[in-house]
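Asker: here is a sequence together with a model predicted from it:
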Amino acid sequence: MIFKIRVVLDAQEDVFRDIAIHSRQTLYDLHTEIKDSFGLQGEELSAFHLLTPEGEISRSVSLEDLSDHGGGETFEKVYIEEFFNLEGDKAQFQYGFIELWEFFCEYISAKEEHEDVLLPTTVFRFGELPSDPPTKNPGFFGEQGPLLYEGDLGIDQGFDEFSSYGEEDCEEDF
């Protein structure tokens, strides 16, 4: 079977790709086609997270085995048909670490395979990838940065002030 997977950038603008992939190809093949179709560079950390209908993560598979014991699932070991069981199944794809690109993938249809088609391939493109990953929220510190600045704690005055505390001010316990 050939699965059609819609991959949507998690951004304000509409940017998506429809990818045709053989059900017996792996998540690594899908990962490579997503990178190629969106023009992502490099070999960054990445992961697929299968989502429940409520949007909760039910299964995670990463590019590299990050488990402590060495038995974790990796892209190369998981077939598309094992990950996406039913039409409508959704997953989150994360690419990168410092600059995190987030995509949502949906298994939208399946059809009989054609022998003359080289898969995976991008069958439809809409929108352009922005030059930087979109930010969904201002982050932990908000748009204006951390709540504390150097001057807030007296750090900008230097450490020389601590020299005013002489030995007579300290109790020695040892």
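Answerer: Good, I have the coordinates. Every value quoted in this text rests on a predicted model; they were computed, and no experiment measured them.
Asker: my read: Leu51 touches Ile57, true?
Answerer: Yes. Using C-beta atoms under 8 Å, Leu51 is in contact with Ile57, at 6.3 Å. Backbone N, C-alpha and C define where each C-beta goes, glycine included.
Asker: quick one: common contacting residues for the two?
Answerer: Common neighbours of Leu51 and Ile57 are listed as Gln92 (criterion: C-beta atoms under 8 Å, 6 or more residues apart in numbering).
Asker: more neighbours, the two?
Answerer: Leu51 (18 against 12; other C-beta atoms under 10 Å).
Asker: SS state for His24?
Answerer: Quick fix: residue 24 is Arg, not His. coil (DSSP: H, G, I helix; E, B strand; the rest coil).
Asker: look up how far Ser37 lies from it.
Answerer: In this view, Arg24 and Ser37 are 20 Å apart by C-beta to C-beta, to the nearest Å.
Asker: please apply the same query to Glu64.
Answerer: Taking C-beta to C-beta, one finds Glu64 at 22 Å from Ser37.
Asker: between the two, who's got more neighbours?
Answerer: Relative neighbour count places Ser37 above the other of Glu64 and Ser37, with 20 against 13, counting by other C-beta under 10 Å.
Asker: what's the pLDDT at the more buried one?
Answerer: Looking at Ser37, its pLDDT reads 96.
Asker: my read is it is in a helix, agree?
Answerer: Yes. According to three-state DSSP, Ser37 belongs to a helix.
Asker: in the strand ranked longest in the chain, what counts as buried?
Answerer: The longest strand of the chain (DSSP state E) is strand 101-111. Buried residues in strand 101-111, defined by neighbour count with 16 or more other C-beta atoms under 10 Å: 101-107, 110.
Asker: tell me how far the residue nearest to Ile21 when sequence neighbours are not counted lies from Leu30.
Answerer: Excluding the flanking residues, the one nearest Ile21 by C-beta to C-beta, 6 or more residues apart in numbering is Pro120, at 3.9 Å. Noted for Pro120: a distance of 6 Å to Leu30, by C-beta to C-beta.
Asker: same thing with Glu54?
Answerer: From Glu54 to Leu30 the distance is 23 Å (C-beta to C-beta).
Asker: okay, those two: which has more neighbours?
Answerer: Shown here are Glu54 and Leu30; by other C-beta under 10 Å, Leu30 has more neighbours (25 against 6).
Asker: so the closest residue to the more buried one other than its chain neighbours is in which element?
Answerer: Take Leu30 and drop its neighbours on the chain: the residue closest to it by C-beta to C-beta, 6+ apart is Ile21, 5.6 Å away. In the assignment (DSSP states H and E), Ile21 maps to strand 16-22.
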